[in-house]
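# 3D model of this:
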Amino acid sequence: MLELLFDWKAAFGLGTDVVVYLIMALVGTTFFALRLLIALFFGGDSDFDTGDHFDGSSDSSFSFFSLLSILAFFMGAGWMGLTCRVDWDMGGLASAAASAAFGFGMMLLASGLMLLTRKLNRTIEYDLATAIGKTGRVYMTVPKHGDGRGQVEVDVSGRRKVLEAISTDGKLTEFSSVRIVEVRDDQTLVVEAAD
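Purely as a prediction, here's the structure:
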């Protein structure tokens, strides 16, 4: 197959579809690699999607037809078509079907991986007010009122969080149970000893 890269006459001798597959494979692979290098060295969440930019709030802005997924299609379809025609001696129609199926699979894979990657950037918001009235556990000693801050482990919006806390009672030691009484504007919990 590698001789086709250097001998275009041999490629044309196998049929025009082999030349099309070869061009698709070379162009798709080249631009796919460039796109990955640009993303790697320059950051680059800009994928020239046909949809809106991803803001992390929902998956509705995700686009199946991104530049990366289209390049993955060309790369996969080109190499599969070339392999089917040159190495496996398949006919033109069977090669086209295998090429399209493999290219579509590569497109799905690239789109799925981009979606999963973008989900990693999502910021999870939580509401500290949901902790009021809940019982937590002292993570780091909470000194008596006015002598500093400690830390408390508590469920907030369905997530286990360790947050700064001050006490309305005396000193609260590690692993003791506390009840959250209030949340201050600076995201500090006000706690009291649980009965």
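# Now do stretch 157-171: everything it contacts.
124-128, 130-131, 138-139, 141-145, 148-156, 178, 181, 187-193 (CB atoms under 8 Å, 6 or more residues apart in numbering). Where C-beta positions appear, they are placed from N, C-alpha and C, glycine not excepted.
# Recalculate using a threshold of 7 Å.
126-127, 130, 139, 141-145, 149-154, 181, 187-193 (CB atoms under 7 Å, 6 or more residues apart in numbering).
# in stretch 74-90, what counts as buried?
74-86, 90 (16 or more other CB atoms under 10 Å).
# got it, and stretch 120-131?
Result for stretch 120-131 [16+ other CB under 10 Å]: buried residues 128, 130-131.
# In helices, which of those appear?
Among the buried residues of stretch 120-131, none falls in helices (DSSP state H).
# what separates stretch 134-152 from the chain centre, distance-wise?
36 Å (CA atoms, centre = their mean, to the nearest Å).
# average pLDDT across the strand or helix carrying residue 118?
For residue 118, the host element (DSSP states H and E) is helix 92-120. Mean per-residue pLDDT for helix 92-120: 89.
# Quick check: buried residues in stretch 142-150?
142, 149-150.
# Serialize those to CSV and add fields for pLDDT and secondary structure.
Shown next, in CSV, are those (pLDDT from 0 to 100; DSSP: H, G, I helix; E, B strand; the rest coil):
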residue, pLDDT, secondary structure
142, 90, strand
149, 89, coil
150, 91, strand
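# Can I get those in CSV including distance to residue 171?
Formatted as CSV, these follow (distance: CB to CB, whole Å):
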residue, distance to residue 171
142, 7
149, 12
150, 9
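# Nearest to residue 172, out of these: which one, please.
residue 142 (4.2 Å; CB to CB).
# List the residues that contact residue 193.
169, 172, 176, 178.
# Give me the distance between the first one and residue 186.
So that's residue 169. 20 Å (CB to CB, to the nearest Å).
# What segments of the chain are strands?
135-140, 150-156, 159-167, 177-183, 189-193 (DSSP state E).
# mind checking which of those is nearest residue 111?
strand 159-167 (28.9 Å).
# How many residues are close by the residue nearest to residue 191 when sequence neighbours are not counted?
Sequence neighbours aside, residue 178 is the residue nearest to residue 191 in space, at 4.1 Å (criterion: CB to CB, 6 or more residues apart in numbering). Using other CB atoms under 10 Å, residue 178 is surrounded by 26 other residues.
# Name the residues of the helix holding residue 118 that are buried.
Quick answer for helix 92-120 (16+ other CB under 10 Å): 95-96, 98-99, 102-103, 106-107, 110-111, 114, 118.
# Just the pLDDT at residue 4, thanks.
pLDDT at residue 4 comes out at 54.
# repeat for residue 12
Confidence score, pLDDT, at residue 12: 57.
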